[in-house]
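> Return atomic coordinates for the entry below.
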Amino acid sequence: MKPQYNNMLGALLIIIATLSLTIKDSADKYLIQHGYHPVQMVFFRFAIPFVFMLLFMPKQTKTAILATNGKLLIRAAMFLTCAVVSVISLKYIPLEIYIVIVQMSSVAYMLGGAIFFKETLTLPKIIATILGFIGVVVVINPTNVDGLHWVYLLPLLIAATTSGYNLITKTIDSKISLISVLINSFFVLGSVATILLIAQPDIWKTPTLTALPYFLTIPIVTIVSQLCLIKAMNVAEASHVAPFFYFQILFSCIFGYWLFNEIPTTYTIIGAIFIVVSGLIITYANYKPGCGKALKQSNKKLNSAPE
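Numbers count the residues shown, from 1 in each chain. The predicted structure is shown next:
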């Protein structure tokens, strides 16, 4: 029986998810610039959502905890690396440049599939890789007065770790649902952050009344973004909703200007165009008429948006 898709709903959910992720990145940027430790932000991002899941989804939370295995722990370690590095990156890099470079995760994921899963690397995909690389070089602009600064390589590390935990997700037993994988990540990373805060209490800095809304925003938008991503992958074809992830670039420009007085440079805009075109080529190179069901099944267990 042909699956019933609601691509319009899926696109709307992706837009909500990317908006939520941009708000989370904006909150991270504000907090790191005001002296709060990345571990404190990881605690709010994962421990509080885990408590929320434990209260409202106790049975699924228990199942998710019991499902913990080596692969999920490795995935969580990559997720943690991505979360901490992203906060450090945002301290030094304009929000829109960070988001643009992280969009390379789709290219990194494709290359990882070719290397580790022997997936076919077609000519369009090779062209997309080259365009993506050019886009990153343009955004970083190593020819400027200050030259190439190491912090601009951090978003590339995030793209690599993002594709890494998505590739590991592909190998997880299909009996473990995506919601269980999600809750398990909240459990493991929330536990790690809690242990670190107990072991090193000096890390904790009591939020001011100004900073508190930013801290409270992090768990809320994390839950919203993840639930929207899960629902979108369930109701829509991956190839139809994937381009809407690039709305995050638009949102990052708006929030970057509004909150941090950051104005995108010509290099950022040109580089973003290259990377968006690269991602679109990959999206449609992976799509053939009639294979929407297969794409949907393969993507139901992946979080395609940047963390």
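
> Find the residue ranges of the stretch 51-200 of the chain scoring beneath the pLDDT cut-off.
Applying pLDDT under 70 to the stretch 51-200 of the chain flags residues 142-148.

> all helices for the stretch 101-250 of the chain, in order.
For the stretch 101-250 of the chain, the helices defined by DSSP state H, counting those that start in this stretch occupy 105-116, 123-140, 154-171, 178-199, 212-235, 238-241, 247-260.

> how about those in a markdown table, adding distance to residue 30 and mean neighbour count?
Placement of C-beta: from N, CA and C, glycine included. Formatted as a markdown table, the helices of the stretch 101-250 of the chain follow (distance: least, C-beta to C-beta, whole Å; neighbours: other C-beta atoms under 10 Å):
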| stretch | distance to residue 30 | mean neighbour count |
| --- | --- | --- |
| helix 105-116 | 24 | 20 |
| helix 123-140 | 22 | 19 |
| helix 154-171 | 18 | 20 |
| helix 178-199 | 19 | 19 |
| helix 212-235 | 5 | 20 |
| helix 238-241 | 29 | 22 |
| helix 247-260 | 7 | 19 |
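
> Kindly state which of those is positioned closest to residue 37.
helix 178-199 (8.9 Å; C-beta to C-beta).

> for the closest one, packing partners?
For helix 178-199, the elements it packs on are helix 38-42, helix 48-56, helix 58-66, helix 70-92, helix 212-235, judged by 3 or more C-beta pairs under 8 Å, 6 or more residues apart in numbering; DSSP states H and E.

> Out of the ones you listed, which is closest to residue 9?
helix 212-235 (5.5 Å).

> right, and residue 270 touches residue 138 too?
Yes - look at residue 270 against residue 138 with C-beta atoms under 8 Å: they come within range, at 5.3 Å.

> any residues in contact with both of these two?
Taking C-beta atoms under 8 Å, 6 or more residues apart in numbering as the contact rule, residue 270 and residue 138 have no neighbour in common.

> before we move on, back to that, nearest to residue 6, out of the helices of the stretch 101-250 of the chain?
Of the helices of the stretch 101-250 of the chain, nearest to residue 6 by C-beta to C-beta is helix 212-235, at 4.7 Å.

> Direction-wise, compare the closest one with helix 48-56 and give the angle.
Angle between the axes of helix 212-235 and helix 48-56 is 60 degrees (criterion: axes from the mean of the first three to the mean of the last three C-alpha atoms, to 10 degrees).

> what about helix 212-235, distance to the chain center?
11 Å (C-alpha atoms, centre = their mean, to the nearest Å).

> do stretch 17-36 as well
With C-alpha atoms, centre = their mean, you get 13 Å for stretch 17-36.
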